[in-house]
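A.B. asks: the following block contains a protein sequence and its predicted model.
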Amino acid sequence: MPARAFRLLLHHSAVQALAAAAGDVETHLVGGVLRDRALGLPLKDIDAVVASRGREIAERLAETLPARLVLLGGKEFAAYRLVTEELDVDLWDRDGTTLDQDLARRDFTVNSFALEVRSGALIDPFDGVRDLERRLLKATTPESFSGDPLRVLRLPRLLLRLPGFAADPETVELARRSVPRLTDVAAERVRDELTFILESPEAHRGVALLIALDVYPGLWLGTPGERLPAGTALSEVEALVERIHDLRLQDAEAAGQVDARIARLAALFRNLSQKTPQGTLREVLVRFRDQGYLTRQTADDVAHVLELGFLPESDLDLRRFLHRAGRLWATAFCALGARMAARKEGLDRWQAVLPRLTDLARREGEVLFDPPRLVTGADVQELLGIPPGKEIGRVLDAVREAQVEGRVRTREEAVAVVRGMVRE
């Protein structure tokens, strides 16, 4: 299967430049570049290992390509990145280890074979090419996950990235054993992996594996590896695709504004127990954010979507929903529809509201999201003859509420509301 792809890869200008820069030093292409080319996927970057003199080769290659040289390994290991306009070349110096030892430290067999850059010889001690043909993600060694627990999350990530792949059952079990050690991994690295999974169009497959691995909901509650009920989280993530499709039939532009990752995160948090030993759902969300698994903006958006968990059906409620939701209205409404579908709680009612809400958002969305200021605090003081204070804010809030409800659209109408406050 990969022979022709590998021959073409060896003729790539960056690979030939690498071979020239390495001279007589043993040099191999490894990892994702071979996997992706064998699968016919686009070439994004090139990974290579050299037997020695890595810094010297990297500097020579940087001049030849040309490329910007970045030191990756620090004092721990010799690794270099050559950054060009088209792609990056990552170069590892395996000085002191054999090629087989280098391949053995890699995560999955489909990443654990090598191609010699001059002869084209294939070195495949772990049957990675065969697993590529079988579309199987399999741990390179029994120690694949214990050495780096983050690989637990790279399993669902690769499953989503590689078309038609499945996870080897024994590999899933190996990964599950390392899940409790996810808390030892820098939270930012975990966050990056979760982001990739939840942004994928096939996110439901990734979430299913997170549940099977006991990552969810344990990690969210501070106990990764503990088997806990996941509620309807997976069903909600699956149903989201159809709800976005429903919205797209009404308004393609609005559907394009749905932040599916936020909606999926909301589903995952919604299915945690509302009152856990660790505190309320809101407290769990804040703690998850403070631990570094969410950015502050993401946590705020998820909290906002969770607060909009009611179905607006009256005309007045539709207006209030759009005002409260703001530019997250499409995300919040699709998340709500996904929950109702998963829990069989009146999806037909949601679908009946959808065209009305979409039409209102199209006609008056900008005004409802942030109603224009029609009167000022100074206006209120003059009209009511009152000094500065909390009463001014109460009156301005009343005008804004009247705008949201559609009772006030002009300055004259706003002034009438203010004057009416005297009688109250």
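C.D. replies: Received the coordinates, thanks.
A.B. asks: what mean pLDDT does stretch 19-30 get?
C.D. replies: Stretch 19-30 carries an average pLDDT of 97.
A.B. asks: may I have that stretch exported as PDB, CA atoms only?
C.D. replies: Extracted C-alpha coordinates of stretch 19-30, given in PDB (Å, rounded to 0.1, in the frame of the first residue of the first chain):
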ATOM      1  CA  ALA A  19      19.500  13.900   3.200                       C
ATOM      2  CA  ALA A  20      22.100  16.300   1.800                       C
ATOM      3  CA  ALA A  21      22.500  18.100   5.100                       C
ATOM      4  CA  ALA A  22      22.900  14.800   7.000                       C
ATOM      5  CA  GLY A  23      25.600  13.400   4.700                       C
ATOM      6  CA  ASP A  24      26.800  10.000   5.900                       C
ATOM      7  CA  VAL A  25      24.800  10.200   9.200                       C
ATOM      8  CA  GLU A  26      22.100   7.600   9.400                       C
ATOM      9  CA  THR A  27      18.800   9.500   8.900                       C
ATOM     10  CA  HIS A  28      15.200   8.200   8.900                       C
ATOM     11  CA  LEU A  29      11.800   9.700   8.400                       C
ATOM     12  CA  VAL A  30       9.400   8.600  11.200                       C
END
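A.B. asks: other residues contacting it?
C.D. replies: 9, 15, 18, 46-53, 57, 60-61, 64, 99, 102-103, 106, 111, 113-118, 123 (C-beta atoms under 8 Å, 6 or more residues apart in numbering). Any C-beta I mention is one placed from the backbone N, CA and C, and that applies to glycine too.
A.B. asks: mind telling me what element Asp47 is part of?
C.D. replies: Here Asp47, judged by DSSP states H and E, is contained in strand 45-50.
A.B. asks: just to revisit the earlier point, report the buried members of the contacts of stretch 19-30.
C.D. replies: 9, 15, 18, 46-51, 53, 57, 60-61, 64, 99, 102-103, 106, 111, 113-117 (16 or more other C-beta atoms under 10 Å).
A.B. asks: contacts only, for Ala338.
C.D. replies: Per C-beta under 8 Å, 6+ apart, neighbours of Ala338: 236-237, 239-240, 242-243, 263, 267.
A.B. asks: which residue ranges of the stretch 101-250 of the chain form strands?
C.D. replies: 114-116, 122-123, 136-137, 166-167 (DSSP state E, counting those that start in this stretch).
A.B. asks: so can I have CSV of those strands showing mean pLDDT and distance to Arg362?
C.D. replies: As requested, these are exported to CSV (pLDDT from 0 to 100; distance: least, C-beta to C-beta, whole Å):
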stretch, mean pLDDT, distance to Arg362
strand 114-116, 97, 55
strand 122-123, 96, 57
strand 136-137, 97, 44
strand 166-167, 95, 43
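A.B. asks: want to throw the ones you listed into TSV with distance to Leu357?
C.D. replies: Shown next, in TSV, are these (distance: least, C-beta to C-beta, whole Å):
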stretch	distance to Leu357
strand 114-116	55
strand 122-123	57
strand 136-137	42
strand 166-167	40
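A.B. asks: for the strand or helix carrying Val380, packing partners?
C.D. replies: Taking DSSP H and E as the criterion, Val380 maps to helix 377-384. With contacts taken as 3 or more C-beta pairs under 8 Å, 6 or more residues apart in numbering; DSSP states H and E, helix 377-384 sits against helix 390-405, helix 411-423.
A.B. asks: tell me which of those sits most buried.
C.D. replies: The highest average neighbour count among those, using mean count of other C-beta atoms under 10 Å, belongs to helix 390-405 at a mean of 17.
A.B. asks: I'd like the mean pLDDT over it, please.
C.D. replies: On average, helix 390-405 scores 95.
A.B. asks: so which elements touch it?
C.D. replies: Against helix 390-405 (3+ C-beta pairs under 8 Å, 6+ apart) you get helix 315-325, helix 377-384, helix 411-423.
A.B. asks: include distance to Ile211 when you put those into a markdown table, please.
C.D. replies: Putting the helices and strands packed on helix 390-405 into a markdown table (distance: least, C-beta to C-beta, whole Å) gives the following:
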| stretch | distance to Ile211 |
| --- | --- |
| helix 315-325 | 29 |
| helix 377-384 | 52 |
| helix 411-423 | 52 |
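A.B. asks: mean pLDDT added to those, as a markdown table?
C.D. replies: Output for these, formatted as a markdown table (pLDDT from 0 to 100):
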| stretch | mean pLDDT |
| --- | --- |
| helix 315-325 | 97 |
| helix 377-384 | 94 |
| helix 411-423 | 87 |
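A.B. asks: how close does the residue lying closest to Leu240 once chain neighbours are set aside sit to Ala266?
C.D. replies: Spatial nearest neighbour of Leu240, excluding adjacent residues (C-beta to C-beta, 6 or more residues apart in numbering): Ala338 at 4.2 Å. Ala338 is 9 Å from Ala266, where distance means C-beta to C-beta, to the nearest Å.
A.B. asks: please identify the helix or strand for the residue nearest to Leu240.
C.D. replies: helix 329-342.
A.B. asks: I'd like the next helix or strand past the strand holding Asp47.
C.D. replies: Assignment by DSSP H and E places the next element after strand 45-50 at helix 54-64.
A.B. asks: which residues touch that following helix?
C.D. replies: By C-beta under 8 Å, 6+ apart, helix 54-64 touches 17-18, 20-22, 25, 27, 50, 67-69, 78-80, 82, 89, 91-93, 95.
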